[in-house]
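In: What follows is a predicted structure for the sequence shown.
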Amino acid sequence: VTAESEKLSTSTKTIFDYADGRGVRIPSSCGRVGQCHECVVEITQNSNCLNNRSEVEEFLSGEFRLACQASFDTQSVPPEFKLLWQKPRILESSTLSSASSELDPVIRSDGRLVYEGSTSIGSFRSSVLGLVIDLGTTTVVMELVDLSTGQVRTSRSFENPQRFGGSDIMNRISYDGTPTAAGELQKAVIAVANRQVRQMTKEIGCSPAEVYEIVVVGNTTMRDLIFGLDVQPIGQRPYKSLTETEKDDPDASTALTEKASHLGFRVHREAKVHGLPLLASHLGADTVAGMLAVGMLGNNIELDDPSETVMLVDVGTNTEVVLRHEGNFYGASCPAGPAFEGGQVSCGMRAYEGAIEAIRLDEDGKGLSFSTIGDAEPKGFCGSGLIDLLAELVNRNIIDEFGVFLENPKLSEFTILEDYNLKISRQDISNLAQAKSANYSGQFLTLLSASVDPVEVDRLYLAGAFANYINVENACSIGLVAPVLPKNIERVGNAALHGARMALLSQSQRSSLNSASSQIKHIELETMPQFFEVFVEGCQLKAMPDRIGASVQ
Ligand code: FES
């Protein structure tokens, strides 16, 4: 150790060391030498006190750094940072019943463990477990399921650790196409999944080696990324996965199966990872799984009457809409962006403790009553709170349907809760209105394609991370949700996860997915002649018309 390096080590500190001192655990599996890339943190303040990015950090940009590489002078004000996988309130369960799901997993045990009825893969230890992963752009939910009983043994939910590659699908695709970053997104999510599997199996007294199958759902990009496929084609016209374009038989399934160890999962050495098939383009495995969960594929006659007109809307960073009418399927994918997940909105935040999830305003537009997650002091608004806020601002005549402040159209922001310094700006309202319009346009144009009016929908299933918490009346009043008769609207929670579990537990349920993609009429929203008109209309904070056919040219 030279005098110079000695001096350096006493006067500088890495973020990792700094976190150690504060009792914050940052993941690592490389001994902090810049190889595992598991220690990515987001610097939120004082980034200028940090050293320059090292060579091993080339794959990162913006405010993201490797905690083991970013260092600062101990004399300066320390930086503030966030881990990439704080635990938000992510909807883990579904309100749908699993009662009718038969138990017929691909792994069976009769002393020996047998894969697909023929291949022996070892002897029974104490449990036969399967893992379900719902890989969303923003959030990830995992469940460990007992394949002998069908019971969920334990579950986890966390932020998608790929955030350093951007907040939406298109950002992630372009990030993954950067030569210095190739494979980083896949590695990031598998590293976190492995860590969670270790903790989950420990929690129930088992070992990761007792996990014999993994079923993955997610939008097309997320699913293909975890399998290490090139996702660049999904980002360019015609926006298709390689599994769609490279199959010889048009009716062949787009499902993926790979040995878990080949992808980097640390589970049983013979375990396989199964990615459920896609519907079309950005309509991914999560949508198919949601359809399975609500019985739309004719897979659950107790739940579903095939003669009914049924719509499934999975609200999220990317919203998916699927409609079944007179035996035909129509589907659209709408890039709504992160506004309702707290992005691009100054008073917005993810569904963490302290997020306002519901609010009512008084006549002056000030907070009259509200509730926060965890009953904590309010820090901002999560998606359901933002929907209430928009609806209330319109109802109280504080803004008009174009989002303009009525008393003073030049006003750039309006204070909602003075004590907590919570305001909403004109720009926030505009960003939310556009995200809302993506949802509006997706539902409107899907219904229009099938010549169905909202009032004719027999059942509307609202699925997704925050759809479960929204005030449906407010969501309909601002046009986020089609004005289906209130009695026909059902919030079903995380339908994608539920469907993935059904596919893990039943080979027949799984096989009913394979024909889904050949049945669907994929609606490319931006190619429809009415798209622009509908999108502009959808930016207004008002309800969708009951009769949509009559409202467009
Ligand atoms: S700890 Fe492995 S890269 Fe930083």
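Out: Happy to help now that I have it.

In: Can you show me the helices along the stretch 201-350 of the chain?
Out: Taking DSSP state H, counting those that start in this stretch, the helices of the stretch 201-350 of the chain run over residues 220-226, 242-245, 260-263, 285-294.

In: Any chance of those helices in a markdown table with distance to the ligand and mean neighbour count as columns?
Out: Bear in mind the C-beta positions are built from the backbone N, C-alpha and C, glycine included. Listed next are the helices of the stretch 201-350 of the chain as a markdown table, based on distance: least, CB to the nearest ligand atom, whole Å; neighbours: other CB atoms under 10 Å:
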| stretch | distance to the ligand | mean neighbour count |
| --- | --- | --- |
| helix 220-226 | 20 | 27 |
| helix 242-245 | 30 | 17 |
| helix 260-263 | 19 | 16 |
| helix 285-294 | 30 | 30 |
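
In: for stretch 329-343, the distance to its chain's centre please.
Out: 10 Å (CA atoms, centre = their mean, to the nearest Å).

In: Between its first and last residues, how far does that stretch reach?
Out: 32 Å (CA to CA, to the nearest Å).

In: tell me which residues of that stretch are tucked away?
Out: 329-343 (16 or more other CB atoms under 10 Å).

In: Can you list which of those are found in strands?
Out: Secondary structure assignment by DSSP state E places 329-335 of the buried residues of stretch 329-343 in strands.

In: just those residues that are near the ligand?
Out: Among those, no residue lies close to the ligand (CB under 6 Å from any ligand atom).

In: hmm, which two among those residues are most spread apart?
Out: Farthest-apart pair in these is Phe329 and Pro335; separation 20.9 Å (CB to CB).

In: and whatever residue of the stretch 401-550 of the chain ends up closest to the ligand, what is it in contact with?
Out: Of all residues in the stretch 401-550 of the chain, Ala465 sits closest to the ligand, at 29.4 Å by CB to the nearest ligand atom. Going by CB atoms under 8 Å, 6 or more residues apart in numbering, Ala465 touches 90-91, 136, 138-139, 315-316, 341, 351, 383, 494.

In: Counting only helices, which of the residues you listed make the cut?
Out: Residues of the contacts of Ala465 located in helices (DSSP state H): Gly383.

In: And the pLDDT for Ser29?
Out: Looking at Ser29, its pLDDT reads 73.

In: Give me the distance between the residue nearest to it when sequence neighbours are not counted and Phe340.
Out: Among residues not flanking Ser29 along the chain, Cys36 sits closest, at 4.5 Å (CB to CB, 6 or more residues apart in numbering). Per CB to CB, to the nearest Å, Cys36 is found 33 Å from Phe340.

In: wait, Tyr352 sits on Ile373?
Out: Yes - with contacts counted by CB atoms under 8 Å, Tyr352 reaches Ile373, the gap being 6.6 Å.

In: Could you check which of these two is surrounded by more residues?
Out: Each of Tyr352 and Ile373 has its neighbours counted (other CB atoms under 10 Å); Ile373 has more, 22 against 19.

In: ok, now which ones touch the nearest residue to the more buried one once chain neighbours are set aside?
Out: Spatial nearest neighbour of Ile373, excluding adjacent residues (CB to CB, 6+ apart): Ala355 at 4.9 Å. Contacts were defined as CB under 8 Å, 6+ apart; by that measure Ala355 touches 342, 349, 372-373, 378-382, 385.

In: okay, Ala516: pLDDT?
Out: 81.

In: Based on its surroundings, how many neighbours for it?
Out: Per other CB under 10 Å, the neighbour tally for Ala516 reads 26.

In: coming back round to it: could you measure the residue nearest to Ile373 against Arg32, distance?
Out: 33 Å.

In: Now do the spatially closest residue to Glu418 that is not a sequence neighbour: how many residues are near it, please.
Out: Leaving out its chain neighbours, the residue that sits closest to Glu418 by CB to CB, 6+ apart is Lys366, at 7.3 Å. By the other CB under 10 Å criterion, the neighbourhood of Lys366 contains 14 residues.

In: Checking Leu447 next. Helix, strand or coil?
Out: Of the three states, Leu447 takes helix according to DSSP: H, G, I helix; E, B strand; the rest coil.

In: can you pull the contacts of the nearest residue in space to it that is not next to it in sequence?
Out: Nearest non-adjacent residue to Leu447, counting by CB to CB, 6+ apart: Ile548, 5.7 Å away. Contact partners of Ile548, counting by CB under 8 Å, 6+ apart, are 444, 447-448, 453-454.

In: Output those residues in JSON lines; the columns should cover pLDDT.
Out: Compiled in JSON lines, the contacts of Ile548 are given as follows (pLDDT from 0 to 100):
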{"residue": "Phe444", "pLDDT": "98"}
{"residue": "Leu447", "pLDDT": "98"}
{"residue": "Leu448", "pLDDT": "97"}
{"residue": "Asp453", "pLDDT": "96"}
{"residue": "Pro454", "pLDDT": "96"}
